[in-house]
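Colleague: Let's see this in three dimensions:
(2 chains)
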Amino acid sequence: MAICVGAPVGPVGCRPSSADPPRLVDTGLAAVGRGDHATARQVMRDLRAAGATDASLVVQAAILVAKGHPIPALDVLSQVASSAWLDPPRRLVAATACQQLGRHRDVESLLTPLVAANPDLVDAHRLLAVSFYDVGAVQEAVHHLRETARLAPDDPRPHRLLGLMHSDYELFAEAIPCYEESLRRNPHQPDREEILLELATCLIRQLRPADALDVLSTAAAGVRVDLARAECLLALGRRDEARRLVQSAVAAEPDNRAALVLEGSILLEDGDAEAAMIPLERAVAVDPHDYLATLSLARALAQLGREDEATATRARADEIRALRSTFAELHREAWERPHDSGVRLRLADTAARLGREDLETVWREAAAAVAPDAPASTNGTPARSQEAD
Amino acid sequence: MSATRPGDPPAAPSAAPSFLDRASQLGIDAVYHNGEEAGRCSILESLGGGVGWFDYDRDGWLDLVATGGGRFTAGPALRGEPTTLWRSVPGAEGPGRRFAGVAGVAGLDTLPLYTHGVAIGDFDNDGFPDLVVTGYGPAQLWHNLGDGGFAPVSDWPAAADPRWSSSAGWADLDGDGDLDLYLARYVDWSFEHDPFCGRSPEERDICPPREFEGLPDSIYRNEGDGTFVEVSREAGLRTDGKGLGVLLADVNLDGHVDIYVGNDTTDNFLYVNRGDGTFTEQGLAAGVALDDQGVPNGSMGIDLCDFNRDGRPDIWVANYERESFALYRNEGRGQFLHVSRRHGITALGGLFVGFGTACTDLDFDGRVDIVVANGHVIKFPDASPRRQLPLVLSFDGERFQRAAAAPGTFFAEPQEGRGLATGDYDRDGDIDLAISRLNEPVAVLENLMPRRGRPVVVELVGTRSNRDAIGTRVSLDAAGEPPLETQLTGGGSYLSHGHRVVHIGLPETDALPVGTSRPVRLVVRWPSGTVTTADVPTLSSPEDLPAALRLVEPAVDVPPPTPEPRS
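Modeller: Next up, the predicted model:
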């Protein structure tokens, strides 16, 4: 789920030129953020030469985190003695390591006091937002995303994540301005195509097909864009154009579930249930957990008078629908109870029954991250025993 | 970006719907009060009121009933505003008509209730239509005494049931020749269960229905002796709906009246009649419970029409914003398909909140038009305004197109519309409307649309069937065209009651040439199973007002009646 995890960034620097440890730490962390590890290592050496060993360890830990070694990073940080000026960067690096380990409670306990003391610490807000989002604590995530957006007015990522979160909860009206703001902030961002598609999808769900079509007109061609465009055209009554797009999508990707369902629904609307059976059966074969495909297949079967098959297929659609409903309800519970690992485990179980292994993994990780047997540290750095998790 | 907003004119207008609000000219001054001035923002305020056209005194002219709603008082408590009854009487000058408020004379203002809807039906088959009024508290049944007065029926089961009711509809559900009642109920709001909703204390708003549990609907079986028995459980009703709209009609054409219920955010129900007044709920199986994405909608107003003239009745549902209004095409075999996208409904956008509605031929071109009264339910909507334009959608044989309203007419102004009822109050042959609005006078809309054909108006009188002939199917066979099927339904629209006559438009191409006798035949299938036919008479001159046919169901072994023009 995390889409905007970023190493903390600071002022842009190159070769360190100051022996002032706080500035050197900033410079070193900024270098890590840019992937310039050589500079960061030089900063480490400069800090050690200046006698700031603890500060050097913080930069070293940041390098380890950036390289995907969070446990050694936490080991390094556990050697750092407490000091007021070094506390913010130490907590940020530790929290980033904990985030990589999926230890949300540690991230929260490390950074919450930090942002209380330094409300403008954008990297802390960003990390908290992602961590809260990853465990389904939406209200908290939204708060920190809004703070991030405020403090980083050119950063398109917070609004994109806000848009995604609202979409996840089918709050499409709320998602739309978030995506629009994200696009406004940096129209050349690498995720632009994805955002355009996400925005168009929200507009379609809001029954604003003409607006969605406008958005898609600036997107690069592709099957997913074509299918979204076809949905718009259907809603606007331009059925022939829509039909052509869907047919070419199915030709390009014969197992594209969305394309198959759309083709089937067009045929059903045209009164050709017999023909609709072909794409709908294929769609259900591709994804037996797809609600709309299954429901549409049941409709086609019923129209063909194949009552027993229709009844069985409808029962399967009902089953999927009930699971989806449970999933949505559990999402709301997770939203309201950010530290409840039980509800997250139930989400994982439900995701598994819906055939969504990807979401199952996400929620199992979220459950572990907020589990009460993974107590948060109180001194600012997770205990060594936790690091071995 | 552009959107089809409820305040915007349509991009591609079709024929202009010209309706003028004549309420004040006619002397009608009925206002529905929802009590919002108390600032409670309760869901109770969102439903609004209904209207009903009926000839309660049988003088041949339509009268109007309108619910008055209510207000909040200290306690807290509710105080009902009186239901008003408007009798059509001769104008002071000339041949015109006006309306006189007669609720007091009729006795309708004697029982206080925070009211919503009306349902009209002649439950004792005496020829004088009786009245049910719904609301927050026991629903009221008013017996029409035939002398201009109504008497409350105090010993019917609903009188002891305080649960909140919304729409209701009459039909003979058990085939015994008298009308039974379906009463929809909404949710379990109360002063004790009145949660806070809204963005902030300063912006308290109406709670959505998901904050509440639904209340079970009821069927009251008419025992034929002036009494009723609640048979909801025996009839097989579900208990998990949040009912707002009710339609009673024979949707599968098996000769028995079925029930369709529009629920707010939960699945709509289709109760298929087993033939004995018990039902099987088939909404999901029939394809009318959900939208085309498999999602339940916030359904309000409902109507029935054969929009594609395939002889099978289709179902029309007005829904909440961000949902398409639903057109369920009857595919036969008891199956329906959501075809809003196929026929241009989704092109309207999703910003309307639709309530009262009717699916009928407003300009007699032989094709269905749909009219919808819209208005938001919450105080601080994000996407669309509280006041919304009412809609007229015209079918061109392929797609429904939104018609542009003539400037200065009712449909050109945003409203907070709720109940809507059809009826030809001025007896000029076309379909006029009444629309209940929140905290504003009821609009009485004269239809001034240019006629593109000739109206055929048929009044049906049951004898072996219920006297109101609810459930009767009428097929108009104009040579060379597919038969046009219509049906006298119970319930329909939202909280409201349209006059129960059959209105069919014969387009110019089909209209009878003056002085000729080209055959246009009506086939009437009465609920009793009797089938009769009648020929539509020719016109003697182009200026002729259409004669309303009054068809009386024959008794057993009596030949079909000759159509007789209504005086």
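
Colleague: Point me to the residue sitting closest to the centre of chain B.
Modeller: Taking CA atoms, centre = their mean, the centroid of chain B lies closest to B:S493, which sits 2.8 Å from it.

Colleague: Chain neighbours aside, what residue packs nearest to it?
Modeller: In space, and not counting its chain neighbours, B:S493 is closest to B:G356: 4.8 Å by CB to CB, 6 or more residues apart in numbering or on different chains. (Each C-beta comes from the backbone N, C-alpha and C, glycine too.)

Colleague: Near that neighbour, how many other residues are there?
Modeller: For B:G356, the count of nearby residues is 36 (other CB atoms under 10 Å in any protein chain shown).

Colleague: can I assume it is in contact with B:V372?
Modeller: Yes - contact between B:G356 and B:V372 holds when scored by CB atoms under 8 Å: they sit 7.3 Å apart.

Colleague: Overlap in contacts, the two.
Modeller: B:G301, B:A318, B:L420 (CB atoms under 8 Å, 6 or more residues apart in numbering or on different chains).

Colleague: Which residue, other than its chain neighbours, is closest to the closest residue to chain A within chain B?
Modeller: As assessed by CB to the nearest CB, chain A sits closest to B:G350 within chain B, at 2.8 Å. Excluding the flanking residues, the one nearest B:G350 by CB to CB, 6+ apart is A:L207, at 2.8 Å.

Colleague: Mind pulling the model confidence for B:S567?
Modeller: Note on B:S567: pLDDT of 40.

Colleague: is it fair to say B:S394 lies in a strand?
Modeller: Yes - checked against DSSP: H, G, I helix; E, B strand; the rest coil, B:S394 lies within a strand.

Colleague: burial of A:S217, as a residue count?
Modeller: A:S217 has 11 nearby residues by other CB under 10 Å.

Colleague: Tell me the residues of chain B that contact chain A?
Modeller: Contact residues (CB under 8 Å from any CB of the partner chain) of chain B with chain A: B:1-4, B:284-285, B:287, B:290, B:292-294, B:322-324, B:331, B:333, B:335, B:337, B:339, B:341-342, B:344, B:346-351, B:382-383, B:399.

Colleague: ok so, going back, just checking, the residue of chain B closest to chain A touches B:E323?
Modeller: Yes - counting by CB under 8 Å, B:G350 touches B:E323, with 6.0 Å between them.

Colleague: which residues are in contact with both of these two?
Modeller: What both B:G350 and B:E323 touch, as defined by CB under 8 Å, 6+ apart, is the set A:L207.

Colleague: Quick one: name the residues of the stretch 201-350 of chain A near chain B.
Modeller: Residues of the stretch 201-350 of chain A lying near chain B (CB under 8 Å from any CB): A:205-211, A:214, A:234-237, A:239, A:265, A:268-271, A:291-292, A:295, A:299, A:302-303, A:305, A:310-311, A:314, A:317-318, A:321.

Colleague: Can you flag the buried ones in those?
Modeller: For these, a neighbour count by 16 or more other CB atoms under 10 Å in any protein chain shown gives the buried set as A:205-211, A:234-237, A:239, A:265, A:268-269, A:271, A:291-292, A:295, A:299, A:302-303, A:310, A:314, A:317, A:321.

Colleague: Enumerate the positions of the host helix or strand of A:Q139 that are buried.
Modeller: A:Q139 is part of helix A:138-151 when elements are defined by DSSP states H and E. For helix A:138-151, a neighbour-count test (16+ other CB under 10 Å) marks A:V138, A:E140, A:A141, A:V142, A:H144, A:L145, A:E147, A:T148, A:A149, A:L151 as buried.

Colleague: Now do the contacts for B:G462.
Modeller: B:N125, B:G177, B:D468, B:A469, B:T472, B:W526, B:P527, B:S528, B:E553.

Colleague: Same list (these) but as TSV, adding distance to B:G135.
Modeller: Formatted as TSV, those follow (distance: CB to CB, whole Å):
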residue	distance to B:G135
B:N125	26
B:G177	29
B:D468	23
B:A469	28
B:T472	30
B:W526	33
B:P527	30
B:S528	34
B:E553	34
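
Colleague: and of the residues you listed, the nearest to B:E192?
Modeller: Minimum distance to B:E192 across the contacts of B:G462 is 39.8 Å, recorded for B:D468 (CB to CB).

Colleague: For A:T326, give me its contacts.
Modeller: Here A:T326 is in contact with A:T350 (CB under 8 Å, 6+ apart).

Colleague: residue ranges with poor pLDDT in chain B?
Modeller: For chain B, the stretches flagged by pLDDT under 70 are B:1-16, B:94, B:479-480, B:508-518, B:538-547, B:556-567.

Colleague: Next: chain A.
Modeller: Looking at chain A by pLDDT under 70, you get A:1-19, A:372-389.

Colleague: Tell me which residue of it lies closest to chain B.
Modeller: A:L207 (2.8 Å).

Colleague: what's the spacing between that residue and B:L351?
Modeller: 8 Å (CB to CB, to the nearest Å).

Colleague: Mutual contacts of these two, please.
Modeller: B:R322.

Colleague: sorry, back to before: next one: the residue of chain B closest to chain A relative to A:S78, how far apart?
Modeller: Taking CB to CB, one finds B:G350 at 55 Å from A:S78.

Colleague: Tell me which of those two has more neighbours.
Modeller: A direct count of neighbours by other CB under 10 Å for B:G350 and A:S78 places B:G350 higher, at 26 against 16.

Colleague: Am I right that the more buried one sits in a helix?
Modeller: No - assigned with three-state DSSP, B:G350 falls outside any helix and is coil.

Colleague: one step back: who touches the residue nearest to B:G350 in this structure?
Modeller: A:A235, B:R322, B:E323, B:S324, B:T346, B:L348, B:G349, B:G350, B:L351.

Colleague: again, but for B:S340
Modeller: Contacts of B:S340 (CB under 8 Å, 6+ apart): B:D291, B:D292, B:S324, B:F325, B:A326, B:L327, B:T346.

Colleague: Then B:V295?
Modeller: By CB under 8 Å, 6+ apart, B:V295 has no neighbours at all.

Colleague: For B:H338, see how far away the closest residue to B:P482 other than its chain neighbours is.
Modeller: The shortest distance from B:P482 to any non-neighbouring residue, by CB to CB, 6+ apart, is to B:R309 (4.6 Å). Counting by CB to CB, the separation of B:R309 from B:H338 is 19 Å.

Colleague: try B:G417
Modeller: For B:G417 relative to B:H338 (CB to CB), the value is 24 Å.

Colleague: List the buried residues of the strand or helix carrying A:R332.
Modeller: Per DSSP H and E, A:R332 falls inside helix A:307-336. Residues A:310, A:313-314, A:316-317, A:320-321, A:323, A:326-327, A:330-331, A:333-335 are the ones in helix A:307-336 that count as buried (16+ other CB under 10 Å).

Colleague: With stretch B:521-535 instead?
Modeller: Quick answer for stretch B:521-535 (16+ other CB under 10 Å): B:L522, B:V524, B:R525, B:W526, B:P527, B:S528, B:T530, B:T532, B:A534.

Colleague: now do stretch A:348-362
Modeller: Applying 16+ other CB under 10 Å to stretch A:348-362 flags A:A348, A:D349, A:T350, A:A351, A:L354, A:R356, A:L359, A:E360, A:V362 as buried.

Colleague: just stretch B:246-259 next, same as before
Modeller: B:246-253, B:255-259.

Colleague: Which ones among those residues lie within strands?
Modeller: B:V246, B:L247, B:L248, B:A249, B:D258, B:I259 (DSSP state E).

Colleague: Alright, I will stop here.
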